[in-house]
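S.K.: sharing a model prediction with you, sequence too.
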Amino acid sequence: MRSIASLVFAAVMTGGPAFAACNADLLSVEKWSAQRVDDQTIEVRITVKSQAQKPIRMLSADFGFKDALGGHVAADTFDRDMTIPANASVTATKKWPMTFERLLKLKHDEVVASTCVRAVLYEDGTKEEFK
């Protein structure tokens, strides 16, 4: 299931027709890291800053990594229940199978991280969808 989501996100992040269906500016990547946990697992930490003026209570969003030539490296979905205070940063941690070990091989400055937000539910109950 995760690989299907990764393929869909790869299509989105490569500028396919679905790209217009997300907001790439609401969450910006401040920093990220990847480390090997064991022979089968990588742990990725990604810190994002919300540009929203209100606290986010729930979101439908992905993050992805491209190499310096624009090629897909890895992608995944943020936890839907991740809460983010207004104009604040949070760090998410994900564990992946070694299928994304290229993140460990590339130099940090050869990787571009990005986000794709499809919808958010704010703490005040208002919802915003990007279509």
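M.R.: Yep, it's here.
S.K.: quick one: residues contacting Lys127.
M.R.: Residues in contact with Lys127 (C-beta atoms under 8 Å, 6 or more residues apart in numbering) are Ala119, Val120, Leu121. (Each C-beta comes from the backbone N, C-alpha and C, glycine too.)
S.K.: neighbour-wise, give me the winner out of those.
M.R.: Val120 (23 neighbours; other C-beta atoms under 10 Å).
S.K.: quick one: the strands in this structure, in order.
M.R.: With DSSP state E as the criterion, the chain has strands at 27-38, 41-50, 56-67, 72-77, 89-97, 111-122, 127-129.
S.K.: run through the bridge partners of Cys116.
M.R.: Beta-bridge partners recorded for Cys116 (DSSP bridges): Asp62.
S.K.: just for the chain, where's the confidence low?
M.R.: The chain contains residues with pLDDT under 70 at 1-20.
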